[in-house]
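Asks: For reference, the sequence and a predicted model appear below.
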Amino acid sequence: MSNLSNDKSRTDILNRLKRAEGQLRGIQRMVEEGQPCLDIASQMAAVRKALDSTYVRMTVCFMEEQLTERLGDNPKQKKHVDDVLEDMQALLGKVR
């Protein structure tokens, strides 16, 4: 299994997770304060979307690392791989 070795991707994923963590804390506070269920549900949906987006980003990162490992670091191939992965991320993002 591949490790998350790309610093830019790792930072992006960590930032997304920290943002979702903050949203979850906000939801906990809303529950403790007795806020309306509809407001809480709305925030929960936002966190789910943020986590789904992070999962897609992690999946694309994994694919990129695996393809680079298998195909090598040929700049021409890298451009094609980057284009395909960008399209994949857009398509996977629409699945949610």
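Replies: Now that the structure is in, tell me what you want to look at.

Asks: where in the chain is pLDDT low?
Replies: Along the chain, segments meeting pLDDT under 70 span 1-2, 96.

Asks: Would you point out which residue is most central in it?
Replies: Nearest to the mean C-alpha position of the chain, counting by Cα atoms, centre = their mean, stands residue 54 at 1.5 Å.

Asks: Return the list of helices and strands in contact with the helix or strand encompassing that one.
Replies: According to DSSP states H and E, residue 54 maps onto helix 37-71. Counting contacts by 3 or more Cβ pairs under 8 Å, 6 or more residues apart in numbering; DSSP states H and E, helix 37-71 packs against helix 7-33, helix 75-93. Quick note: C-beta positions are derived from backbone N, CA and C, even for glycine.

Asks: would you list the ones you listed in TSV and tack on distance to residue 42 and mean neighbour count?
Replies: Formatted as TSV, the helices and strands packed on helix 37-71 follow (distance: least, Cβ to Cβ, whole Å; neighbours: other Cβ atoms under 10 Å):
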stretch	distance to residue 42	mean neighbour count
helix 7-33	10	13
helix 75-93	20	12
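
Asks: how close does the residue nearest to the centre of the chain sit to residue 17?
Replies: For residue 54, the distance to residue 17 equals 6 Å [Cβ to Cβ, to the nearest Å].

Asks: In stretch 63-79, which residues are buried?
Replies: Using 16 or more other Cβ atoms under 10 Å as the test for burial, stretch 63-79 gives 63-65, 67-68.

Asks: quick one: which of these is nearest residue 35?
Replies: Distance to residue 35 across the buried residues of stretch 63-79 (Cβ to Cβ) is lowest for residue 63, with 39.5 Å.

Asks: Isn't that closest one up against residue 86?
Replies: No. Residue 63 is not in contact with residue 86 according to Cβ atoms under 8 Å; the separation is 11.2 Å.

Asks: Name the nearest residue to the residue nearest to the centre of the chain, ignoring sequence neighbours.
Replies: Leaving aside its chain neighbours, residue 54 sits nearest to residue 16 (4.2 Å; criterion: Cβ to Cβ, 6 or more residues apart in numbering).
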